[in-house]
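Chemist: structure of the sequence below:
(one chain, ligands or ions: 2)
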Amino acid sequence: MGSEACTAVDAAEDLELVARVGHGNDLGDLGGAQVAVELTVPDASPGHVRHCVERGIHAVVGTTGWDDSRLGALERQLGQAPGVGVLIAPNFAIGAILMMQFAQQAARFYESVEVIELHHPNKLDAPSGTAARTARLIAGARARAGLGEVPDATTHDPDGARGARVDGIPVHAVRLRGLVAHQEVLFGGVGEMLTLRHDSFDRASFMPGVLAGVRGVADHPGLTVGLEHYLGLAGQ
Ligand SMILES: NC(=O)C1=CN([C@@H]2O[C@H](COP(=O)(O)OP(=O)(O)OC[C@H]3O[C@@H](n4cnc5c(N)ncnc54)[C@H](OP(=O)(O)O)[C@@H]3O)[C@@H](O)[C@H]2O)C=CC1
Ligand SMILES: O=C(O)C1=N[C@H](C(=O)O)C[C@H](O)C1
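Modeler: Numbering: from 1, shown residues only. Ligands and ions are numbered 1, 2, ... in the order given. All right, here's what the predicted structure looks like:
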């Protein structure tokens, strides 16, 4: 992702790539960059972003693993750094962003819902950042609509066959050679089912979103979670 993002920024006529920083490189002033794109691993990402914010560098972050405690610490740091913007984007692909928005819209109409994410087997984290975010958006919409827990009579599941629960929403992770990044959201009601599915077949699918983040982050000071906020899609 980092290499692809560098290539995409380099190819964009309105942007200038001033540094490529890899594992083990000193971050320093990041080549004098105004914006850093952060794509590494969950445990390293918060330190990188902290480094950027300390130097007044805006950050566009695709790395996963930003739980509430990490987001809270970042928000506190940004409170001391007026004018600096950080975008945490669980998924840069436009279709994945739309899928999350559609899932949020559909959530209040269905008693049952489950999220299935499918990725390449080199992925370090499960569930994916996208699946976790989707589940949280669905759980929020269900709570606002007064829906209770999803129905599930399971009392015996010694091996975790029913998957993880994110804010009460069942989430299942598949790791399969040949896959890139895919997700299904299954909604069930009496006598019907709605399936939302998004597929990233190539990392190229993420690059327009990365560039939109780079172009927009300076105009969005503070913390933004989700590229939908830059695309006029949030809350629709
Ligand atoms: N938001 C989005 O749309 C997308 C987000 N992602 C997320 O982005 C992240 C990166 O994904 P991907 O590029 O596929 O992963 P890769 O494993 O291909 O790349 C991770 C990179 O991070 C480097 N790295 C590892 N540890 C450190 C460290 N401690 N400090 C600095 N750099 C480090 C690795 O270097 P080395 O190999 O030398 O260890 C490698 O260059 C993941 O969290 C993934 O989930 C991925 C795709 C889309
Ligand atoms: O690791 C990946 O590949 C991806 N990670 C992100 C996630 O965890 O949601 C985005 C996309 O699914 C690809």
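
Chemist: on the three-state scheme, the residue positioned nearest the centre of the chain is what?
Modeler: Nearest residue to the geometric centre of the chain (Cα atoms, centre = their mean): Pro90, 0.7 Å. At Pro90 the chain is in coil, as set by DSSP: H, G, I helix; E, B strand; the rest coil.

Chemist: give me every residue that touches it.
Modeler: Taking Cβ atoms under 8 Å, 6 or more residues apart in numbering, we find Pro90 in contact with 64, 128-130, 132-133, 225-226. Quick note: C-beta positions are derived from backbone N, CA and C, even for glycine.

Chemist: and the gap between it and Ser128?
Modeler: Taking Cβ to Cβ, to the nearest Å as the measure, Pro90 falls 8 Å from Ser128.

Chemist: overlap of the contact sets of these two?
Modeler: Thr64.

Chemist: picking that back up, angles on the backbone of the residue nearest to the centre of the chain, please.
Modeler: phi -60, psi -30 (degrees, to the nearest 10).

Chemist: again with Thr40
Modeler: According to degrees, to the nearest 10, Thr40 has phi -130, psi -110.

Chemist: likewise Gly146?
Modeler: Here Gly146 shows phi and psi, under degrees, to the nearest 10, equal to phi 80, psi 20.

Chemist: so where's this protein shaky on pLDDT?
Modeler: 235-236 (pLDDT under 70).

Chemist: how's it carved up into domains?
Modeler: Annotated domains of the chain cover 1-88+204-230, 94-201 [the TED database].

Chemist: quick one: distance of the shortest one to the chain centre.
Modeler: What that stands for is domain 94-201. With Cα atoms, centre = their mean, to the nearest Å as the basis, domain 94-201 stands 14 Å off its chain's centre.

Chemist: thinking again about what came up before, could you check how far the residue nearest to the centre of the chain is from ligand 1?
Modeler: 6 Å (Cβ to the nearest ligand atom, to the nearest Å).

Chemist: how far away is that residue from Pro46?
Modeler: Distance from Pro90 to Pro46, by Cβ to Cβ: 15 Å.

Chemist: any idea how far Tyr230 lies from Ala96?
Modeler: 14 Å.

Chemist: and the protein, which residues reach ligand 1?
Modeler: The chain comes close to ligand 1 at residues 1-2, 22-23, 39-42, 44, 62-64, 89-92, 129, 206, as judged by Cβ under 6 Å from any ligand atom.

Chemist: can you list which of those are found in helices?
Modeler: 2, 129 (DSSP state H).

Chemist: where do the helices sit along this structure?
Modeler: 2-11, 45-54, 68-79, 94-106, 129-144, 207-216.

Chemist: in CSV, list the C-alpha atoms belonging to the third one.
Modeler: As requested, C-alpha coordinates have been extracted for helix 68-79 and formatted as CSV (Å, rounded to 0.1, in the frame of the first residue of the first chain):
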residue,chain,number,x,y,z
ASP,A,68,-11.2,4.0,21.0
SER,A,69,-8.3,4.4,23.4
ARG,A,70,-5.8,5.2,20.5
LEU,A,71,-8.3,7.6,18.9
GLY,A,72,-8.9,9.3,22.3
ALA,A,73,-5.1,9.9,22.8
LEU,A,74,-4.8,11.3,19.2
GLU,A,75,-7.8,13.6,19.7
ARG,A,76,-6.2,14.9,22.9
GLN,A,77,-3.0,15.6,21.1
LEU,A,78,-4.8,17.3,18.2
GLY,A,79,-6.5,19.5,20.8
